[in-house]
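S.K.: Using only what follows, build the 3D model:
(chains A and B)
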Amino acid sequence: MSGVELTADEVRHVAALARLGLDDAEVERLGRELTSILAHVNTIAALPIADVPPTKHSRDSADSLRPDVARPGLPREDALRNAPDPSADGFRVPPIGA
Amino acid sequence: MSGIDVIGLTAERAMGMLRAGECTSEELTQAYLDRIAAVDGDVHAYLHVDAERSLAAARAQDAVAGDALSGVPIAYKDLLSTKDVPTTAGSRILEGFVPIDDADVVARGNEAGLVSLGKTNLDEFAMGSSTEHSAYGPTRNPWDLTRVPGGSSGGSAAVVAAGCAPWSLGTDTGGSIRQPAAFCGLVGLMPTYGTVSRFGVIAFASSLEQVGPMALTVRDAALLHQVIARDTDRDATCTGPREPIVVPDAGRLDGITFGVPRAELEEGVEPGIRARFDESLAIATALGATIVDVELPYSRHGLAAYYVIAPAEASANLSRFDGVRYGLRVDAPDVRSMYEATRDAGFGPEVKRRIMIGTYALSAGYHDAYYVQAQRVRTLIRQDFDTAFQGVDAILLPTAPTTAFPIGARLDDPLAMYANDIFTLPVNLAGIPALSLPNGLSDGLPSSLQIIGPAHSENLLLRLGAAFEAEHAFDVVPPSMRSGA
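M.R.: Next comes the predicted model:
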């Protein structure tokens, strides 16, 4: 069993990649839980299967494509209906470079 | 009260009553609404019921000369988008979200004349095996209210077991139809990947999940699968079934060869589950089938591969919940802080766990070691099944290694929770169909049998299931839910 142990800094790094704000208690708990889950996941790390092709999905046939013809898009009012802070014609967000 | 006893009422019987004019859809729908009002306070299987809306839909069906299923009620897992009806995925981050379109499977149900009774509880974003990870509180198992109904489609299972809907739709990413069907004494079908549209299904792990029926009988499951197994132009991975779905009659099993992966049964299977499983092998033999051993050596690595692949896909799929276009927003001075605060407040602990695992496994330096390695194991699991199906028609396993466990028992041990799906996950990784059906009781709780077949073998699985079902004479109604109880 490989001894991967996630430090608090590593947990914070992954959380930042995932855009998850975590408090200190969550960082501590997730560090413990992820270490134990990754220990189990690591049971496949040592399998000598480097020459096996990876499977991304389980379909044998190609994608089913519809005819390439124009059809009506989503009406703007429908697209904005569930937005937390819609403007007349878009989604308002806080400043990006603050 | 309407006077119609809906407890244990099959959809097929309800259809017969409607077509014979013994009742109207409005009366039948009202009977289910009365039942929901009487017991759902205890079971907590519905997240959303709109009685007036359901009754209006029922009256609309009564007013037309509908198709065979016209006017039969149904319940939908709250992962399925329903136009103008709140859809939460069991998450705070989607509280108040009202879809602008129906999922394809819901649209097919509407076209068939089915009347929605409401939306059912689930583990948040379908991540879980107990329905305890719902942000809206756990659902309880109608067989024993101190136990979980399984998950993630636990609400869809509990409503049927409690007589609060004749049937329902669930989704299955790693066992989420089959395991709750098993825990609640129902029939559940996980279809071949790519045969049912995922349009409008809030995405968790797109390469693994399918929508499927949950029902009291194999025939009901087949009838509902006929409605949803259809081609679509709104999901490029869906081409529909290869042949029309047939509603089966019970028969013998002469000429059928079942494979049993005995090595997989050596550890972790409760004695009562094992005993019922061995009895089902005896039933198969008595009906004329042959039982042989098969080996699925890479299945034991399915849990590890699944807990890389599913979280990796989830971490990508759930990036869309950012407080901009829909759902919760927690205000913050800049957009990045807003994303982080929104996602911290909106997602529950299990969802965060999976996003973290998935993000870690996809991050620079770990992608090949975790994600690609898991995909190689996926190839080998598929090959194991392909090899086995060269010598057998179908494979038999228990659906779950245990009966329904007590609420709270596994919440603090994620790996123990995940391990309950050990017999179902490999099927999703291979993209093949499996049918779960009741297999007697163990200490008063439902045990179940899983029949796994090659891709596009749904009609075979349903026929085999009907044969077992006729021999079991299983009473699908939990003792505490029987009329007069």
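S.K.: In contact with residue B:215, which residues are there?
M.R.: Applying CB atoms under 8 Å, 6 or more residues apart in numbering or on different chains to residue B:215 gives the contacts B:10-11, B:160, B:166-168, B:186-188, B:221, B:223-224. For glycine as for every other residue, the C-beta is placed from the backbone atoms N, C-alpha and C.
S.K.: Report the backbone C-alpha coordinates of the host helix or strand of residue A:16 in CSV.
M.R.: In this assignment (DSSP states H and E), residue A:16 forms part of helix A:8-17. Coordinates of each C-alpha in helix A:8-17 appear next as CSV, following Å, rounded to 0.1, in the frame of the first residue of the first chain:
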residue,chain,number,x,y,z
ALA,A,8,-2.9,20.7,4.6
ASP,A,9,-1.1,22.7,1.9
GLU,A,10,-1.8,20.1,-0.7
VAL,A,11,-5.5,20.0,0.3
ARG,A,12,-5.6,23.8,0.0
HIS,A,13,-3.9,23.6,-3.5
VAL,A,14,-6.4,21.0,-4.8
ALA,A,15,-9.3,23.0,-3.3
ALA,A,16,-8.0,26.1,-5.1
LEU,A,17,-7.9,24.2,-8.4
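S.K.: who touches residue 93 in this structure?
M.R.: Picked chain A for this. Residue A:93 sits in contact with A:85, B:324, B:335, B:338, where contact means CB under 8 Å, 6+ apart.
S.K.: that's the wrong chain, I meant chain B
M.R.: Counting by CB under 8 Å, 6+ apart, residue B:93 touches B:321, B:327-328, B:342-343, B:346-347.
S.K.: Against residue B:330, how distant is the closest residue to it other than its chain neighbours?
M.R.: Spatial nearest neighbour of residue B:93, chain neighbours left out: residue B:346 (2.9 Å); criterion: CB to CB, 6 or more residues apart in numbering or on different chains. In this structure, residue B:346 and residue B:330 are 8 Å apart, going by CB to CB, to the nearest Å.
S.K.: residues from the stretch 1-150 of chain B in reach of chain A?
M.R.: Neighbours of chain A within the stretch 1-150 of chain B, by CB under 8 Å from any CB of the partner chain: B:97-98, B:100.
S.K.: try 10 Å
M.R.: Within the stretch 1-150 of chain B, the residues that sit near chain A (CB under 10 Å from any CB of the partner chain) are B:94, B:96-101.
S.K.: Listing request: residues of chain A with sub-threshold pLDDT.
M.R.: Residue ranges of chain A with pLDDT under 70: A:1-3, A:98.
S.K.: Please enumerate the helices of it.
M.R.: Along chain A, counting by DSSP state H, helices occupy A:8-17, A:24-41, A:76-80.
S.K.: that older thread, now, of the contacts of residue A:93, which are buried?
M.R.: B:324, B:335, B:338 (16 or more other CB atoms under 10 Å in any protein chain shown).
S.K.: ok, the last one to chain A distance?
M.R.: Using CB to the nearest CB, to the nearest Å, residue B:338 is found at 5 Å from chain A.
S.K.: That residue contacts residue A:91, correct?
M.R.: No - with contact defined as CB atoms under 10 Å, residue B:338 does not reach residue A:91; the gap is 11.8 Å.
S.K.: okay, and the common contacts of the two?
M.R.: Residues touching both residue B:338 and residue A:91 (CB atoms under 10 Å, 6 or more residues apart in numbering or on different chains): A:84-85, B:323-324.
S.K.: Now tabulate those in TSV and tack on distance to residue B:52.
M.R.: Shown next, in TSV, are the shared contacts of residue B:338 and residue A:91 (distance: CB to CB, whole Å):
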residue	distance to residue B:52
A:84	28
A:85	31
B:323	32
B:324	33
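S.K.: quick one: which of those residues is nearest residue A:11?
M.R.: residue B:323 (22.4 Å; CB to CB).
S.K.: are any of the contacts of residue B:215 buried, and which?
M.R.: Buried subset of the contacts of residue B:215 (neighbour count, 16+ other CB under 10 Å): B:10-11, B:160, B:166-168, B:186-188, B:221, B:223-224.
S.K.: Now pLDDT too, for those, in CSV please.
M.R.: Listed next are the buried ones among the contacts of residue B:215 as CSV, based on pLDDT from 0 to 100:
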residue, pLDDT
B:10, 98
B:11, 98
B:160, 98
B:166, 98
B:167, 98
B:168, 98
B:186, 98
B:187, 98
B:188, 98
B:221, 98
B:223, 98
B:224, 98
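S.K.: Which ones among those lie within helices?
M.R.: Using DSSP H, these in helices are B:11, B:160, B:221, B:223-224.
S.K.: hang on, the earlier thing: can I get the buried ones among the contacts of residue B:215 in a markdown table with distance to residue B:438?
M.R.: Shown next, in a markdown table, are these (distance: CB to CB, whole Å):
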| residue | distance to residue B:438 |
| --- | --- |
| B:10 | 14 |
| B:11 | 16 |
| B:160 | 12 |
| B:166 | 16 |
| B:167 | 15 |
| B:168 | 16 |
| B:186 | 7 |
| B:187 | 7 |
| B:188 | 10 |
| B:221 | 12 |
| B:223 | 18 |
| B:224 | 17 |
